[in-house]
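Asker: Quick one, fold the following:
(one chain, ligands or ions: 3)
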Amino acid sequence: MYVKDRLRRSMMFVPGNNPGMIRDAHIYGADSIMFDLEDSVAYTEKDTARFLVYNALKTLHFGSKETVVRINDLSSGLGIKDLEAVVRAGVQVVRLPKTDSAQDVIDCEREIERIERESGIPVGTTGMMAAIESANGVLHAAEIAHASDRLIGIALGAEDYVTDLKTTRSDGIELLFARCMILNAARSAGIAALDTVYSDVNNEEGFIAEATLIKKLGFDGKSVINPRQIEPLHHVFMPSEKDLNKARAIMDAIAEANARGSGVASLKGKMIDKPVVTRAKRLLDLYEAGSKIDEVEEI
Ligand SMILES: CC(=O)SCCNC(=O)CCNC(=O)[C@H](O)C(C)(C)COP(=O)(O)OP(=O)(O)OC[C@H]1O[C@@H](n2cnc3c(N)ncnc32)[C@H](O)[C@@H]1OP(=O)(O)O
Ligand SMILES: O=C([O-])CC(=O)C(=O)O
Ligand SMILES: [Mg+2]
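Answerer: Ligands and ions are numbered 1, 2, ... in the order given. All right, here's what the predicted structure looks like:
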């Protein structure tokens with residue numbers, strides 16, 4: 001069963017035709033493991049990958065990690081076979097690639113529901129996420145985000161997106177519109193906003209700069225392609241001691257004000273009202289959830 005709202009700072013792609021990577025994927029500390037049946041798998045390897053991922057889901061234990069599988073899109077002729085395998089194997093979330101419209105989500109959900117019924121799995125067990133990877137998809141981001149109750153989030157697929165835009169990836173300016181559209185669409189639907197991969201695995205500085213930018217925009221997390229990207233990403237998402245202390249002081253100040261029958265407090269000359277408190281609470285909740293998970297990883 002999927003969880004709608006959980007920590008998804010890092011979602012690691014794992015090529016579905018690589019048994020070694022599949023076996024070890026859960027040990028690196030990513031919040032979600034995303035087995036890939038799509039673009040990291042050559043056409044000749046598609047059946048092998050589906051078989052391996054099916055068996056991995058059936059036989060391996062992933063602990064607190066979320067399991068996601070990126071299927072091939074339904075129009076490829078492979079997507080339904082992928083769904084038949086991974087839904088039956090009990091994957092938590094299906095990642096639909098190259099989502100251009102709400103109809104793509106609805107079509108995928110219909111197939112998931114059919115497979116759940118046919119295999120005796122309670123309807124609604126399998127979650128979905130939609131990756132938006134084209135100009136068309138970005139323009140339909142809001143409809144996509146609202147297309148199914150099963151959606152846990154929407155994600156940007158920037159490599160395909162910049163190709164569609166006839167540009168290349170540079171300092172991020174080329175992705176600003178898509179990121180803002182996706183973020184706003186996700187928030188309007190109450191689901192997660194998830195950023196794309198950073199392909200230059202050896203450029204840690206560039207990766208951290210991108211992670212810092214998407215966190216500032218409001219994203220919940222990011223896809224990664226290599227275990228070396230997980231720790232720096234979690235570090236970016238970890239609030240500083242200063243931010244934590246400020247959030248705690250805000251919570252104390254508002255509790256004191258509430259006890260006096262007031263909804264507004266003052267902290268070092270700054271007004272503390274409801275939105276400030278909501279942000280402080282979110283920061284503390286994310287910190288607690290993150291440290292709990294990372295602590296377990298360190299033991
Ligand atoms: C545009 C898109 O669609 S992106 C999404 C699809 N792409 C992918 O899924 C690519 C996934 N990533 C990879 O295949 C690789 O990380 C590459 C090709 C980017 C880099 O490969 P390498 O330089 O060999 O990685 P590196 O040397 O850092 O690997 C270190 C260890 O981590 C493992 N590892 C690397 N990437 C992954 C991964 N994504 N998942 C699990 N394990 C991994 C390696 O197997 C290796 O393990 P070992 O030490 O036991 O042999
Ligand atoms: O979804 C991702 O981040 C990877 C991907 O397929 C793309 O960038 O086209
Ligand atoms: Mg893509």
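
Asker: got the residues of the stretch 51-200 of the chain near ligand 3?
Answerer: Within the stretch 51-200 of the chain, the positions lying close to ligand 3 (Cβ under 5 Å from the ion) are Glu133, Gly157, Asp160. C-beta here means a position set from N, CA and C on the backbone, and glycine is covered the same way.

Asker: And for the first one, the neighbour number?
Answerer: In this case it means Glu133. Taking other Cβ atoms under 10 Å as the criterion, the count of residues near Glu133 is 26.

Asker: Any stretches of the protein with poor pLDDT?
Answerer: Applying pLDDT under 70 to the chain picks out residues 295-299.

Asker: Near ligand 2, which residues of it are found?
Answerer: Asp39, Ala131, Glu133, Ala155, Gly157, Ala158, Glu159, Asp160, Thr196, Val197, Ser223 (Cβ under 6 Å from any ligand atom).

Asker: Roughly how far does the last one sit from Ile250?
Answerer: Yep, that's Ser223 we're talking about. According to Cβ to Cβ, to the nearest Å, Ser223 stands 32 Å off from Ile250.

Asker: who has more neighbours, those two?
Answerer: Neighbours of Ser223 and Ile250, each counted by other Cβ under 10 Å, are more numerous for Ser223; the result is 27 against 21.

Asker: So the closest residue to ligand 1 within the stretch 51-200 of the chain, which state does it fall into?
Answerer: In the stretch 51-200 of the chain, the residue found nearest to ligand 1 is Glu159; the distance is 3.9 Å by Cβ to the nearest ligand atom. Assigned with DSSP: H, G, I helix; E, B strand; the rest coil, Glu159 falls in the helix class.

Asker: check contacts around the residue nearest in space to the middle of the chain.
Answerer: For the chain, the residue nearest the mean C-alpha position is Leu194 (4.4 Å; Cα atoms, centre = their mean). By Cβ atoms under 8 Å, 6 or more residues apart in numbering, the residues touching Leu194 are Arg8, Met11, Met129, Gly153, Ile154, Ala155, Leu156, Phe219, Asp220, Gly221, Lys222, Ser223.

Asker: got it, and Ala155?
Answerer: By Cβ under 8 Å, 6+ apart, Ala155 lies in contact with Met11, Arg95, Met129, Ala130, Ala131, Ile132, Ile182, Ala193, Leu194, Asp195, Thr196, Ser223.

Asker: that older thread, bridged to the residue nearest to the centre of the chain, which residues?
Answerer: Note on Leu194: beta-bridge partners by DSSP bridges are Ala155, Gly221.

Asker: how near is it to Arg110?
Answerer: From Leu194 across to Arg110, the span is 24 Å (Cβ to Cβ).

Asker: swap in Asn17?
Answerer: For Asn17, the distance to Arg110 (Cβ to Cβ) stands at 28 Å.

Asker: cool, and Gly29?
Answerer: Using Cβ to Cβ, which is the criterion applied here, Gly29 is 35 Å from Arg110.

Asker: Have a look at the two and say which one is more surrounded.
Answerer: Residue environment comparison for Gly29 versus Arg110 gives the larger neighbour count to Gly29, 17 against 12, counting by other Cβ under 10 Å.

Asker: show me the contacts for that one.
Answerer: Applying Cβ under 8 Å, 6+ apart to Gly29 gives the contacts Ser10, Ile230, Glu231, His234, Asp294, Glu297.

Asker: how near is it to Gly20?
Answerer: For Gly29, the distance to Gly20 equals 18 Å [Cβ to Cβ].

Asker: So which bits of the stretch 51-200 of the chain are right by ligand 1?
Answerer: Taking Cβ under 6 Å from any ligand atom as the criterion, the neighbours of ligand 1 within the stretch 51-200 of the chain are Glu159, Val197.
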